[in-house]
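*Asks:* Any chance you can model this:
(one chain, ligands or ions: 2)
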Amino acid sequence: MFNDKIIAEIEKWKPSSSFSYGTAGFRARANLLPPVVFRCGILAAARALSVPCVCVGLMITASHNPPEDNGVKLIEPNGSMLNENWEIIASRLINSHNPKEVLEELCIQENISLVLDNKSSPRPAVYIGHDTRSSSEPLARIVESAVELIGLKCKCFGTVTTPQLHYFVKVANEEGLQANKENYFQRLSIGWDTLSQYAFGSSTLQEDKIVRIVDCANGVGAEAMANLIAYTNMQNVYCVNTGNGELNQFCGADFIQKNAVFPNVSSDGFDLNSISSDASVHFCSLDGDADRLVYFIPVEQGITCWKSLSGQRVRVLEGDRMSVLAALVIKKLLDVLQVKISIGVIQTAYANGASTAFLKNLGKPVQVECVPTGVKHLEKAAKKYDIGIYWEANGHGTILFAENTVSLLRETIEQNSAEQTKKAALCLLALSSIANQATGDGICNFILAEALLKFMGWQHLASWESLYDDLPNCYKALNVRHKELIKTTDQERTLLSPESVSKVIKRFSDSKPSYRFLVRPSGTEDVVRLYGEGPSVDELNDMMKELEIAVLQACGSSDHK
Ligand code: 16G
Ligand code: MG
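*Replies:* Ligands and ions are numbered 1, 2, ... in the order given. Modelled structure (predicted):
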């Protein structure tokens with residue numbers, strides 16, 4: 001099954017604290033991670049052996065978290081996140097003082113053998129990628145040594161965005177395609193060209209008056225954006241925070257979405273004064289590993305230097321707005337096609353109630369669903385539809401096209417259909433090649449959003465924003481000692497315990513039913529997250545304060561240990 005040398009090696013790599021494989025894999029301070037990534041390398045090799053596949057993936061990143069953190073997550077052969085059974089095995093293997101026992105059990109269960117034989121498989125079975133953190137490359141080397149110990153090979157892509165690695169794994173397994181950055185960007189470029197030809201041709205939009213400014217969070221997104229611009233020849237795109245400043249510090253999608261303020265911009269040579277006064281500026285922000293993107297509009301207009309903009313209030317166009325924009329355009333195209341195709345829009349409880357109401361109002365064939373937080377839940381629900389649109393408010397999402405849908409579109413193009421019908425099918429097909437089919441992707445979503453806005457003929461972000469008014473809302477993260485006391489049901493929308501907190505919420509909903517509150521334990525940090533929304537900011541703030549006190553009392557504040 002496996003030999004003693006393997007076990008002796010694995011036993012050497014003992015984590016010093018306990019870890020659990022959460023929504024985003026394992027995350028910790030980077031110095032704690034070497035044993036974790038080593039054992040993850042073993043696990044990735046085992047996963048690759050357990051199913052007939054070309055490869056699995058392993059990404060080293062801590063996304064939007066501080067630069068001194070890092071993390072590791074595994075990617076399934078179909079490009080999605082690790083299967084839930086394997087998440088449990090991952091946590092057991094990483095924490096175990098007896099890895100031999102865990103691996104023996106795994107080998108029997110999966111009918112695999114981890115034998116040391118360098119000649120057994122010449123193909124790279126584990127695709128590895130990492131972000132720009134200084135700890136990332138050395139951690140990737142450790143993974144390599146673990147995979148090689150089993151006798152398998154790795155293909156290391158170096159610095160990539162998380163969604164790029166998901167994509168590489170998916171296309172290598174499902175399409176037998178050369179998985180590389182070139183292929184990834186070519187697909188985006190073909191999609192953009194098709195839309196330029198068939199969708200934007202008659203647009204009255206003044207392209208030269210649009211300026212697109214992308215905050216790259218000083219992370220991997222900077223390189224990917226530079227490539228995107230080169231491959232698509234997209235005009236008027238300027239990147240800031242491309243690596244001169246610190247990763248995710250006062251910038252990036254997570255910072256913008258949580259704080260609703262303009263990011264700090266390290267000097268990147270782009271002068272705001274060069275923007276003409278009649279231009280419409282599209283600001284958006286990627287996170288540290290470029291799987292999230294949010295757009296935003298500065299509240300005060302006309303400021304012309306980065307320094308005075310940083311920290312200013314912005315209105316954030318959260319992920320829900322992407323779902324709405326995508327649903328609108330896809331519905332329009334399907335109206336032309338006149339085919340029966342189901343569209344599902346998947347949200348979480350964090351979606352602004354105004355977006356949910358707007359989407360429900362769109363009517364057939366759009367259906368709206370709510371699922372618990374975490375991409376894997378959204379993805380699973382989206383796959384039930386012919387076209388599944390999913391976004392989290394935090395900016396993570398994509399549009400998934402079922403295989404049958406793609407075939408139907410291809411047939412429509414090949415058949416002798418009317419020109420308008422063909423055009424609509426071509427546009428939908430282009431959207432399917434722009435939207436990352438493996439996972440939500442900030443780079444793809446940038447070009448997707450710009451394409452959808454152009455399709456709608458909207459020059460200004462304000463046109464997109466004006467579809468509906470977000471309900472005033474408020475986020476809070478509370479440091480508590482016992483976040484595990486919080487139990488929820490109904491896709492996290494209803495709190496079951498502690499009773500003292502649910503009583504407060506019940507009182508609120510009885511007296512003020514137009515307000516909504518969400519209390520859930522974070523899956524990635526030792527905090528409890530509160531979210532509230534309702535018509536009046538002042539009332540909402542008062543209610544949030546009361547709720548905060550109730551949660552701190554019930555779960556114990558850890559701020560003054
Ligand atoms: C991770 C998840 C994201 C989720 C967030 C919730 C992935 C790729 N990412 O970042 O979907 O919204 O965790 O974090 O699954 P929280 O549990 O700390 O609120
Ligand atoms: Mg991320």
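
*Asks:* Run through the residues that contact the residue of the chain found nearest ligand 2.
*Replies:* In the chain, the residue found nearest to ligand 2 is S63; the distance is 3.2 Å by C-beta to the ion. Where C-beta positions appear, they are placed from N, C-alpha and C, glycine not excepted. Residues in contact with S63 (C-beta atoms under 8 Å, 6 or more residues apart in numbering) are A24, G71, D131, T162, D254, D287, G288, D289, D291, R292.

*Asks:* Contacting ligand 2 as well, which ones from those?
*Replies:* When contact is defined as C-beta under 5 Å from the ion, the contacts of S63 meet ligand 2 at D287, D289, D291.

*Asks:* In strands, which of those residues appear?
*Replies:* Of those, none are assigned to strands by DSSP state E.

*Asks:* Of these, which is the nearest to ligand 1?
*Replies:* Closest approach between the ones next to ligand 2 among the contacts of S63 and ligand 1, by C-beta to the nearest ligand atom: D291, at 6.2 Å.

*Asks:* For this protein, which residues are neighbours of ligand 1?
*Replies:* By the rule C-beta under 6 Å from any ligand atom, the part of the chain lying against ligand 1 is 23-24, 373-375, 392, 394, 396, 522-525, 529.

*Asks:* Please convert the residues you listed to a markdown table, extending it with neighbour count, pLDDT and secondary structure.
*Replies:* Listed next are those as a markdown table, based on neighbours: other C-beta atoms under 10 Å; pLDDT from 0 to 100; DSSP: H, G, I helix; E, B strand; the rest coil:
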| residue | neighbour count | pLDDT | secondary structure |
| --- | --- | --- | --- |
| T23 | 17 | 84 | coil |
| A24 | 23 | 86 | coil |
| T373 | 21 | 96 | coil |
| G374 | 19 | 93 | coil |
| V375 | 21 | 93 | helix |
| E392 | 26 | 97 | coil |
| N394 | 21 | 96 | coil |
| H396 | 26 | 98 | coil |
| S522 | 17 | 93 | coil |
| G523 | 14 | 88 | coil |
| T524 | 17 | 85 | coil |
| E525 | 14 | 85 | coil |
| R529 | 21 | 97 | strand |
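
*Asks:* Tabulate those residues in a markdown table, adding columns for distance to G151.
*Replies:* Shown next, in a markdown table, are these (distance: C-beta to C-beta, whole Å):
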| residue | distance to G151 |
| --- | --- |
| T23 | 32 |
| A24 | 29 |
| T373 | 39 |
| G374 | 34 |
| V375 | 32 |
| E392 | 39 |
| N394 | 40 |
| H396 | 36 |
| S522 | 39 |
| G523 | 34 |
| T524 | 34 |
| E525 | 38 |
| R529 | 44 |
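
*Asks:* which residues touch A449?
*Replies:* Per C-beta under 8 Å, 6+ apart, neighbours of A449: C284, L293, Y295, M322, L325.

*Asks:* swap the cut-off to 7 Å and go again
*Replies:* By C-beta atoms under 7 Å, 6 or more residues apart in numbering, the contact set of A449 is Y295, M322, L325.

*Asks:* which secondary structure element contains A326?
*Replies:* Using DSSP states H and E, the element containing A326 is helix 319-337.

*Asks:* ok, and for that helix, which residues are buried?
*Replies:* Neighbour counts over helix 319-337 (16 or more other C-beta atoms under 10 Å) mark 319-331, 333-334, 336-337 as buried.

*Asks:* hmm, which two among the contacts of S63 are most spread apart?
*Replies:* Across the contacts of S63, the longest distance by C-beta to C-beta is 15.0 Å; it joins G71 and R292.

*Asks:* Which of those two has more residues huddled nearby?
*Replies:* The residue with more neighbours, out of G71 and R292, is R292; 31 against 26, by other C-beta atoms under 10 Å.

*Asks:* Spatially, what comes nearest to the more buried one if we skip its sequence neighbours?
*Replies:* Leaving out its chain neighbours, the residue that sits closest to R292 by C-beta to C-beta, 6 or more residues apart in numbering is G395, at 3.8 Å.

*Asks:* Check the gap between the one you found and G319 for me.
*Replies:* Using C-beta to C-beta, to the nearest Å, G395 is found at 5 Å from G319.

*Asks:* try G191
*Replies:* Going from G191 to G319 by C-beta to C-beta gives 21 Å.

*Asks:* cool, D542 as well?
*Replies:* D542 sits 28 Å away from G319, going by C-beta to C-beta.

*Asks:* Got the phi and psi for the residue nearest to L177 when sequence neighbours are not counted?
*Replies:* Spatially, and ignoring its direct neighbours in sequence, L177 is nearest to V171 (4.4 Å; C-beta to C-beta, 6+ apart). Reported as degrees, to the nearest 10, the phi and psi values for V171 are phi -70, psi -30.

*Asks:* Kindly report the same for the one 3 residues further on.
*Replies:* Summarising the backbone geometry of E174 under the convention degrees, to the nearest 10, its torsions are phi -100, psi -30.

*Asks:* Could you report the neighbour count for it?
*Replies:* E174: 16 surrounding residues under other C-beta under 10 Å.

*Asks:* so what's it up against?
*Replies:* By C-beta under 7 Å, 6+ apart, the neighbours of E174 are N78.

*Asks:* mind exporting the lowest-mean-pLDDT helix or strand in the chain as PDB, just the C-alpha atoms?
*Replies:* Every helix and strand of the chain was ranked by mean pLDDT, DSSP states H and E. The lowest is helix 306-309, at a mean of 85. Only the C-alpha atoms of helix 306-309 are listed here, as PDB (Å, rounded to 0.1, in the frame of the first residue of the first chain):
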ATOM      1  CA  TRP A 306      -5.000  59.400  -5.200                       C
ATOM      2  CA  LYS A 307      -3.900  60.700  -1.800                       C
ATOM      3  CA  SER A 308      -7.100  62.600  -1.200                       C
ATOM      4  CA  LEU A 309      -9.300  59.800  -2.500                       C
END
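
*Asks:* helices or strands up against whichever helix or strand comes after it?
*Replies:* Next along the chain after helix 306-309, taking DSSP H and E as the criterion, comes strand 314-317. Applying 3 or more C-beta pairs under 7 Å, 6 or more residues apart in numbering; DSSP states H and E, we find strand 314-317 packed against helix 253-259, strand 293-298, helix 461-465.

*Asks:* try it again with 6 Å
*Replies:* strand 293-298 (3 or more C-beta pairs under 6 Å, 6 or more residues apart in numbering; DSSP states H and E).

*Asks:* contacting residues for W306?
*Replies:* V265 (C-beta atoms under 6 Å, 6 or more residues apart in numbering).

*Asks:* Distance from the least confident helix or strand of the chain to the middle of the chain?
*Replies:* 28 Å (C-alpha atoms, centre = their mean, to the nearest Å).

*Asks:* Okay, buried residues for stretch 236-256 please.
*Replies:* By 16+ other C-beta under 10 Å, the buried positions in stretch 236-256 come out as 236-243, 245, 247-256.

*Asks:* just the CA coordinates of that stretch, formatted as PDB?
*Replies:* Extracted in PDB, the C-alpha atoms of stretch 236-256 (Å, rounded to 0.1, in the frame of the first residue of the first chain):
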ATOM      1  CA  ASN A 236      -8.300  52.400 -21.500                       C
ATOM      2  CA  VAL A 237      -7.600  50.000 -18.800                       C
ATOM      3  CA  TYR A 238      -5.200  51.100 -16.100                       C
ATOM      4  CA  CYS A 239      -3.900  49.000 -13.200                       C
ATOM      5  CA  VAL A 240      -3.000  50.300  -9.800                       C
ATOM      6  CA  ASN A 241      -1.600  48.600  -6.700                       C
ATOM      7  CA  THR A 242       0.300  46.300  -9.000                       C
ATOM      8  CA  GLY A 243       2.900  45.300  -6.400                       C
ATOM      9  CA  ASN A 244       4.500  48.500  -5.200                       C
ATOM     10  CA  GLY A 245       2.600  48.500  -1.900                       C
ATOM     11  CA  GLU A 246       1.700  45.700   0.500                       C
ATOM     12  CA  LEU A 247      -0.600  42.900  -0.400                       C
ATOM     13  CA  ASN A 248      -4.200  43.500   0.600                       C
ATOM     14  CA  GLN A 249      -3.300  46.400   2.900                       C
ATOM     15  CA  PHE A 250      -6.000  49.100   2.700                       C
ATOM     16  CA  CYS A 251      -6.800  47.800  -0.800                       C
ATOM     17  CA  GLY A 252      -8.400  44.900  -2.600                       C
ATOM     18  CA  ALA A 253     -11.900  43.600  -3.000                       C
ATOM     19  CA  ASP A 254     -12.400  42.400   0.500                       C
ATOM     20  CA  PHE A 255     -11.200  45.700   2.000                       C
ATOM     21  CA  ILE A 256     -13.500  47.700  -0.300                       C
END
